[in-house]
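> Okay, predicted coordinates and the sequence, questions at the end:
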Amino acid sequence: MDKEQIVHIGGSVEEAVKGEYQIDVAAVLKEAWQNTLKSRISINIGLLFVLVLGMLITLTMSSFMGGIEAVSQDPQSFMFLNIVVTMAVWPFLAGIEMMGVFHSAGLKTETKLVFAFLKRGSWVAICAVLTSTLVSIGIQLFVLPGIFLAVALSLAIPLVVEKRLSPVKAITVCLMATRFQWFKIFALYLVLSLVLVLASLPLAYAGNSGLSVIAMMIFLFVLTYLAPMFYNIKGILYREMFGLQLKTTAGSSVSPDNIFSA
């Protein structure tokens, strides 16, 4: 019979909140790219599912609220719809976040991982609403506070899932830990943002011409690498900062039961 072992990988919450971790931007980008080349299919299919789910919920809800145009013109209705969609899709997005975390530990994942953490769905949804609200408030306060919070809170969801923290505790831990290396984390996200802008330039120049279809295909192709790389970068950051503990046996596959919480 295979023996079950607890394996600790990366940092720890205790060390992270003291700033006792390092982030090498170039090394993270290189590792994330390698992980993306090996794992982008599962993340892309998961993201496609979440996108379709979000669109269906948006169309269904807006039809009961007077239509998309009416909702977009009413700030209160738009805010309510945004909260509903956020709470509905984030329990599934949490699975994609965890794909990146598992990839950082050298594990393979399958698309069904999107459904694996629904038992933590209520906490994930609350955390997602709280973080998005904080970021929105920050954006309204001269933009920069919103950018700071978006970066600083970007790893809160995995803390709720993998460390079983409450939403408020996860947000607090994120703020305490990311402040030490905020600029390096921001630099990683900035690189991805710049690549996204470059990939969208052909679309802007093509306009309504015959080249617009080709430009759209190029953009979508780049996105199939860029989106998984985003989650793989977050997974590596999470490993380096907070670490993770896995229950492993010979020949075991990734599942929510692999996560060990002390």
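Structure's in. What do you need? Numbering: from 1, shown residues only.
> How about the contacts made by I43?
96, 99-100, 109, 227-228, 231-232 (CB atoms under 8 Å, 6 or more residues apart in numbering). C-beta coordinates here come from the backbone N, C-alpha and C atoms, glycine included.
> Check those residues for burial and list the buried ones.
96, 99-100, 109, 227-228, 231-232 (16 or more other CB atoms under 10 Å).
> May I see these arranged in CSV, with pLDDT and distance to V191 as well?
Supplementary listing: the buried ones among the contacts of I43 in CSV, determined by pLDDT from 0 to 100; distance: CB to CB, whole Å:
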residue, pLDDT, distance to V191
I96, 96, 20
M99, 96, 20
G100, 96, 16
T109, 91, 24
A227, 96, 14
P228, 97, 15
Y231, 97, 15
N232, 98, 13
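> still on that earlier bit, state the pair within the contacts of I43 that is farthest apart.
Greatest spatial distance among the contacts of I43 (CB to CB): T109 and A227, at 14.7 Å.
> where does this structure dip in pLDDT?
1-4, 207-210, 248-262 (pLDDT under 70).
> Determine the longest helix present in it.
The residue-count maximum for a helix in the chain (DSSP state H) belongs to helix 25-63.
> Helices along the stretch 101-250 of the chain, start to end?
121-140, 144-152, 156-162, 167-178, 182-206, 212-241 (DSSP state H, counting those that start in this stretch).
> Please enumerate residues in contact with stretch 146-154?
So stretch 146-154 is contacted by 131, 134-140, 171, 174-175, 178-179, 182, 185-186, 189, 234, 237 (CB under 8 Å, 6+ apart).
> Filter those residues down to the buried ones, ChimeraX style.
Buried residues within these, by 16+ other CB under 10 Å, are selected in ChimeraX with:
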select :131,134,135,138,171,174,175,178,185,186,189,234,237
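> just to revisit the earlier point, name the next helix or strand following the longest helix of the chain along the chain.
As assigned by DSSP states H and E, the chain's next helix or strand after helix 25-63 is helix 68-73.
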